Every structure is written in C-alpha cells, then in structure tokens.
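*Asks:* Mind looking at a prediction? Sequence and model below.
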Amino acid sequence: MNKLIANFWLKACFALLSVFAFFGNSFGQNCEAAPGEILLNLVNQTDLQAVATQYGLNPTPLGTVGVPPTYRMQITNGQTACQVAAAMQTDARISRKESNRTVKIVENPNLDWTNGQSWSIGQSWSIGGSAKGFNKQWFPSMINLPQAHTISTGQNIIIAVLDTGIDLNHPAFAGKLVPGYDFVDNDNNPSEVGVLHQNPSYGHGTHVAGIIAMTAPNAKIMPLRVLDANGESNLWKIKDAMVFAAQNGASILNMSFGYPQDFTPQSNKFLECLFREAGIGCVEQNFPELSDENLLIVTGAGNGGQIGNGANRIYPGAERGALMPGNGENGIDDNLLNVGASTRYDELAVFSTMANVTDNDDRWVRSVAPGENIVSTLPDGRYGVWSGTSMSAPIVSGIAALVLQIRPLNLPNRTMSAVVEEIEETGYGWECNVPSRNIFMKTARVDAFRAVMNIQTNTPQQPACLP
C-alpha cells in the first residue's frame, strides 16, 4: 500500500512539474518583452508600495504615463513579466498588467508569425536600383495617384514615421523632413543604424519614408527611430514616440511593425487607450502628454498570410477589431486604419494577413494597398525593392495627407474618424470568398483620387480578389 501511495504521489508530482514546465515554457515562448519590466495599472494608487513588495518589484517606477497612471515597473525577483502577470491574475488591486512587449518589423523571415521578404537592391534593372525605377513603378497608376496630385500633394501635413530611422541625406528627402528623434539611442539623430546585408532590418524606415514621399510629395516627414538595428522595439518606446509626434505637430503616425497576441487574451492593452485618446477619447485613462492632438494611426496588418482570427491577429493594427468583438464596422479606434497588401494584379498578396468576416462583421483589416515589389529609397542614396504590409501602410499614410490638405481638421465637426471612413469607403470593394484560406474577405483596395474627391457612391465591385 505504501508503495502504491508513493507511486501515486510520484506520478502526481511529475504531472504537476510537467504542467509548470509547460506553462513556464509557454510564458517564455510568448513573453518577448523588455527584460525585467512590467506595465501596471492600479485601482488605488496608494497600493503601489504593497503591490511592489508582494510581487518583487522596485517600488520606484521606471516611468509613468497617463491619468490614472500606467507604471513601468522593474522586476527584481528574477521572474519574467509574464510570470509576474500570471501571479497577479486574481489581484483585485490591479486593473491591468502587461509585459513591455517587444515589437518587430513584419518583413523578417526569422519570425514565426510572418512570411516577411527581405529587400533586394534592383531585382532587375527595369524595376529597381535607381531613381528611374522609383519614379516609373507600377503602384501609382494602380491607385490613380497622378490624378490625385492634380488636386492635392499633402502640403504641410506632417507624417511621423515610427521605424528604424531614415537616411537623412537621401536626395529623395530634400526639403521634406522636419526634426525627429532617436528613441533607441536617445539623441536627436534618427539616422538608420546597421550594416548592409548583415542587419536584415537595415533600410526599412528609409524605404517606408520614401513611399510616403512619393505618395504625398509635399507632406513633411518626421523620422522617429524606435526600432533598433535588429528591427525591434518595445511598447514604452512607441508611447514615447507617439507623445513626441503629438507635441511636435504630426497629424499622421505610420507604424509598419507588429507583435502577436501575448500569453493571455487580456494582454495587448497598453496601446489601446493611448490610441483611443489620440482619436475619439478614452473613458478609462487620459493622456495629457498627447496635448489633445487628434492623430491618425496607420498600421500594417501583418505578413503571416493567416486566416486572421483570434491569435492570428497582429497588433497594434488588430486593436481596431479585437477590442470590441462584433463592432468591427464602428471599432473603438476610429482613428486607426489597418492596412493589408495587394499585388500588381490587383489581388490580395499571398503574404498579407486578412480578417475573416463573420456574422458580427469584424472587419479589422478594412483596407488594402499595393505592397508587392515596391521600389523605394534605401540608405546611402540607394533604391531597392521590398514587399510587405509595411509598404502598404505608408501608401495609405500618404493618401491620408492628401485628404487632410483638402479637408483639414479645422473644418466644423471634422475628425480623424471621418478621414478613415473616407479612405475606406472610396476604395474598390473586395467582398468574396478566399478558398485558399477558407475565409470570406470584406475589404477595399484604396484609391487616392477617389479618396481626395470623397467619391463614395457607385464604387465598382472588384471581380478578382483571390490570391
């Protein structure tokens, strides 16, 4: 009997250890974040000292933002942020807990949630490697950009590019830049940092900025370096860049990066209220740091080519639909426009993540723009080809600048929500089944001229929207 009991407890202990090992590995695998940090919101701010003591945190915050504040706390007990957050799950004193998530460019072949394509200089002499290839490429005519430029060029609209920095001396940016900032090295020089062919993310920000310069040639570009030489950043740096952009006159924020769902469905909340406060307002938390600016946030949908439900959503773009299931048509973040990628054949790119429209009409990827083999600027005055939703997002950022020049926010009742709606509703509607993904897609490929003119009636239905 004792032997049976001993065997029972041995098996039980082994099972428990297996469970802890499983969840421990799960936390480790899904907890890509700034090491030793957790973001914390409290119901009562006087509990900060007690909470810090109980969970092994330094009671002096590394930083705060918002009212009531989000605390950036240092973990001192050696645990990961996800382990600490898991321990906090039932603590009623804590209203929100989240790791300081790592964000990455989505054109990175080393990520398990992306089919990213690295850039190449001049895939062939006819489509890249020169200013001529840049100016003669396919996407402007696809979105009727030349016609739009006869009406608007984005004059004096400031677009902040939150990315790897840019080549400040590239000829394509002459007269187009306003002062930016480097939130990686904390200095006033947001130049790209890296080595050609060694750092796969090197040139990403320059390429994104060049697409904006082509789409809105008289807009101003604010380079904000938030991604390091490996194309990585974290949520707190993104917050810092958003605040800088708001306080220095930017109207549009281009965010061509992403991160997957964290280890719990309650994660990915830090940017939620920050985005909302930059648009229609947030009832849970105010951010005086944003200076009451009304900002348009444009994001890439992701390059995983997934179905696009549940854990397949890529943030921060997925904030729009995921925050309130069933409210995709009128998402909480009405100032957020999440963009998928289309091809030169006017079809959904095979790498582009796309939402599956269900009965609740959760359209969190409501627009697509060209994103395949886009020629743009690269460091050292070069040009090259890159593919991804990171290339689609700046096209839409540029179109938004064209719209804002013609119908600015100083008009009565004019908001960024209206700009988002105009870009979406003036596009060419794509509503069809995608057999290769077993989804129903309901989105629209953008059109610059129709957006500038706000032509929302009689939008033709595209018959060929299958990848």
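*Replies:* Structure received.
*Asks:* Thought Ala369 was touching Val396, still the case?
*Replies:* Yes: using CB atoms under 8 Å, Val396 makes contact with Ala369 at a distance of 5.3 Å. Quick note: C-beta positions are derived from backbone N, CA and C, even for glycine.
*Asks:* Identify the contacts common to these two.
*Replies:* By CB atoms under 8 Å, 6 or more residues apart in numbering, Val396 and Ala369 have these common neighbours: Val339, Val446.
*Asks:* in what helix or strand does Cys282 lie?
*Replies:* Using DSSP states H and E, Cys282 is not contained in any helix or strand.
*Asks:* can I assume it is in contact with Lys269?
*Replies:* No: with contact defined as CB under 8 Å, Cys282 does not reach Lys269; the gap is 11.4 Å.
*Asks:* can you give me the helices for the stretch 251-400 of the chain?
*Replies:* Secondary structure of the stretch 251-400 of the chain, counting by DSSP state H, counting those that start in this stretch: helices at 270-277, 319-322, 389-406.
*Asks:* Can you give me the buried ones in the last one?
*Replies:* So the one you mean is helix 389-406. Under the neighbour-count criterion of 16 or more other CB atoms under 10 Å, helix 389-406 has 389-405 buried.
*Asks:* Distance to Asp47 and mean pLDDT for the helices of the stretch 251-400 of the chain - can I get that in TSV?
*Replies:* Formatted as TSV, the helices of the stretch 251-400 of the chain follow (distance: least, CB to CB, whole Å; pLDDT from 0 to 100):
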stretch	distance to Asp47	mean pLDDT
helix 270-277	19	80
helix 319-322	28	64
helix 389-406	40	97
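*Asks:* How much space separates Arg437 from Ser352?
*Replies:* 10 Å (CB to CB, to the nearest Å).
*Asks:* more neighbours, those two?
*Replies:* Ser352 (31 against 19; other CB atoms under 10 Å).
*Asks:* ok, the closest residue in space to Ile406 that isn't next to it in sequence - contacts?
*Replies:* Nearest non-adjacent residue to Ile406, counting by CB to CB, 6 or more residues apart in numbering: Ser152, 5.0 Å away. For Ser152, the contacting residues are Leu402, Val403, Gln405, Ile406, Val452, by CB under 8 Å, 6+ apart.
*Asks:* now for these, which pair is the farthest apart?
*Replies:* Maximum pairwise distance in the contacts of Ser152, criterion CB to CB, is 8.6 Å, between Gln405 and Val452.
*Asks:* Which pLDDT value goes with the residue nearest to Ile406?
*Replies:* Note on Ser152: pLDDT of 98.
*Asks:* and Ile75, what are its bridge partners?
*Replies:* When bridges are called by DSSP bridges, Ile75 pairs up with Leu57.
*Asks:* Contacts only, for it.
*Replies:* Here Ile75 is in contact with Gly36, Glu37, Ile38, Tyr55, Gly56, Leu57, Ala81, Val84 (CB under 8 Å, 6+ apart).
*Asks:* So the fifth one sits against Asn77, correct?
*Replies:* This means Gly56. Yes: judged on CB under 8 Å, Gly56 makes contact with Asn77 at a distance of 2.8 Å.
*Asks:* Same drill for these two, tell me which one is more crowded.
*Replies:* Comparing Gly56 with Asn77 by other CB under 10 Å, the one with more neighbours is Gly56, at 15 against 10.
*Asks:* Next, format the helices of the stretch 251-400 of the chain as TSV and append distance to Arg93.
*Replies:* TSV is the format used below for the helices of the stretch 251-400 of the chain (distance: least, CB to CB, whole Å):
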stretch	distance to Arg93
helix 270-277	18
helix 319-322	26
helix 389-406	39
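*Asks:* Quick one: closest of these to Gly180.
*Replies:* Taking CB to CB, helix 389-406 is the member of these nearest to Gly180, at 15.2 Å.
*Asks:* Could you point out the helix or strand that follows the closest one?
*Replies:* In N-to-C order, the element after helix 389-406 by DSSP H and E is helix 416-425.
*Asks:* pretty sure Pro190 contacts Tyr181?
*Replies:* Yes: contact criterion CB under 8 Å: Pro190 and Tyr181 qualify, at 6.0 Å.
*Asks:* Which one of these two is surrounded by more residues?
*Replies:* It is Pro190, of Pro190 and Tyr181, that has more neighbours when counted by other CB under 10 Å, with 27 against 23.
*Asks:* Next one: the more buried one from Leu196, what distance?
*Replies:* Taking CB to CB, one finds Pro190 at 19 Å from Leu196.
*Asks:* now Gly133
*Replies:* For Gly133 relative to Leu196 (CB to CB), the value is 18 Å.
*Asks:* Would you mind telling me which of those two has the busier surroundings?
*Replies:* Neighbour tally, Gly133 and Leu196, criterion other CB under 10 Å: the higher count belongs to Gly133, 20 against 12.
*Asks:* Right, I'll leave it there.
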